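In: Based on what follows, work out the 3D shape:
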Amino acid sequence: MSALAGHTAIITGASSGIGLAVAEGLAGAGAAVVINYRSDEDSANSLAERIGERGGRAIAVQADVSQEQEVGRLFDAAADAFGRIDVLVSNSGVQKDAPVADLSLDDWNTVIDINLTGQFLCAREAVRRFRSQPESARPSRSAGTIIAMSSVHELIPWAGHVNYAAAKGGVRMLTRTLAQEVAPDRIRVNAIAPGAIRTPINQEAWETPEALEKLLRLIPYGRIGEPEDVARAAVWLASDEADYVTGTTLFVDGGMSLYPEFRDNG
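Out: Numbers count the residues shown, from 1 in each chain. Sure, this is the predicted structure:
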């Protein structure tokens with residue numbers, strides 16, 4: 001039997017990049033997937049069609065995760081389509097980069113609203129739904145699983161990106177604190193912290209040989225990550241193989257968080 005057979009998973013920000021790969025990975029493991037998108041309707045619908053052509057089940061649902069009512073609508077659509085919700089992968093995120101002296105309040109708020117408040121709103125709704133679902137119908141040992149998409153920058157400071165790093169630092173403590181609170185309900189909460197992954201959001205960092213060479217100096221393992229590396233971690237965390245894992249962050253970063261600048265004693 002597939003690892004996630006009988007599960008329904010919501011993946012936010014799933015129309016491209018890491019979210020798209022996670023949706024494909026969860027679907028490949030047997031889950032019915034809800035592909036959330038904010039603006040790229042064509043990509044989300046195309047992904048749902050591809051999953052269907054492979055024998056899976058998927059729908060695309062538009063919602064802005066920073067808006068409370070839209071998060072509720074997203075979860076309602078998932079429950080209406082598939083009957084229950086078992087996994088949340090809270091992946092939506094943006095960057096609005098600037099040195100702190102030049103960073104506008106609007107850009108600070110946008111990043112915090114989507115990258116941190118959106119995580120809170122989705123996690124809160126997931127906990128409510130998990131608690132309300134009958135135990136007898138559970139497809140797994142847990143009552144539900146939340147996976148927050150964090151970043152190596154929940155740990156590594158990042159000059160010029162203070163809003164992004166602050167949000168990811170908040171995700172770290174949101175994950176740990178929520179896991180502590182809901183563990184008695186048999187709800188598991190973990191995070192994945194990707195390092196440098198080959199996605200459109202950071203294309204400038206890898207699209208030329210010169211840029212890639214510079215990036216690889218920060219990655220002890222010697223290669224850039226692929227979205228599928230993160231997807232495989234998400235499948236594992238969502239499955240019963242990880243049933244005793246909660247309140248932790250899984251770094252998928254090729255060693256970037258090991259401070260490679262200190263390989264030669266700094």
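In: after the longest strand anywhere in the chain comes which helix or strand?
Out: Longest strand of the chain, by residue count under DSSP state E: strand 187-194. Downstream of strand 187-194, the next assigned helix or strand under DSSP states H and E is helix 209-216.
In: Residues touching the helix or strand that comes right after that following helix, excluding its own?
Out: The C-terminal neighbour of helix 209-216 among helices and strands, as given by DSSP H and E, is helix 227-238. Under the criterion Cβ atoms under 8 Å, 6 or more residues apart in numbering, residues 3-4, 7, 9, 17-18, 20-22, 24-26, 28-29, 31, 87, 89, 145, 147, 149, 188, 190, 192, 194, 197-199, 242, 245, 250, 252 lie in contact with helix 227-238. (Glycine included, C-beta is placed from N, CA and C.)
In: hmm, which of those residues are the buried ones?
Out: Buried subset of the contacts of helix 227-238 (neighbour count, 16 or more other Cβ atoms under 10 Å): 3-4, 7, 9, 17-18, 20-22, 24-26, 28-29, 31, 87, 89, 145, 147, 149, 188, 190, 192, 194, 197-199, 242, 250, 252.
In: For the nearest residue to residue 147 once chain neighbours are set aside, grab phi and psi.
Out: Setting aside the residues directly before and after it, residue 147 is nearest to residue 89 in space (Cβ to Cβ, 6 or more residues apart in numbering), at 4.7 Å. Note on residue 89: its backbone torsions stand at phi -110, psi 110 [degrees, to the nearest 10].
In: could you pull out the helices for the stretch 51-200 of the chain?
Out: Along the stretch 51-200 of the chain, the segments classed as helices by DSSP state H, counting those that start in this stretch run 68-82, 105-112, 118-132, 162-182.
In: which secondary element of the protein has the worst mean pLDDT?
Out: Using mean pLDDT, DSSP states H and E, the weakest-scoring helix or strand in the chain turns out to be helix 209-216, at a mean of 91.
In: so how far is it from its chain's centroid?
Out: A distance of 26 Å separates the centroid of the chain from that of helix 209-216, by Cα atoms, centre = their mean, to the nearest Å.
In: what residues does that helix touch?
Out: Helix 209-216 has contacts (Cβ under 8 Å, 6+ apart) with 196, 204-206, 222-224.
In: Please repeat the previous calculation with a cut-off of 10 Å.
Out: With Cβ atoms under 10 Å, 6 or more residues apart in numbering as the test, helix 209-216 has contacts from 195-196, 198, 202-206, 208, 222-224, 254, 256, 260.
In: need the contact list for the nearest residue to residue 87 once chain neighbours are set aside.
Out: With Cβ to Cβ, 6+ apart as the criterion, residue 87 has its nearest non-adjacent residue at 3.8 Å, and that residue is residue 9. Applying Cβ under 10 Å, 6+ apart, we find residue 9 in contact with 22-23, 25-27, 29, 31-35, 58, 78, 82, 85-89, 145, 147, 234-235, 238.
In: 6 Å instead, please
Out: Residue 9 makes contacts with 26, 31, 33, 87, as judged by Cβ atoms under 6 Å, 6 or more residues apart in numbering.
In: One more: residue 198?
Out: So residue 198 contacts 206, 224, 226 (Cβ under 6 Å, 6+ apart).
In: count of residues packed around the first one?
Out: Pointing back at residue 206 there. If you count neighbours by other Cβ atoms under 10 Å, residue 206 ends up with 18.
In: Next one: the residue lying closest to residue 256 once chain neighbours are set aside, what pLDDT does it get?
Out: Leaving out its chain neighbours, the residue that sits closest to residue 256 by Cβ to Cβ, 6+ apart is residue 195, at 3.8 Å. On pLDDT, residue 195 comes in at 96.
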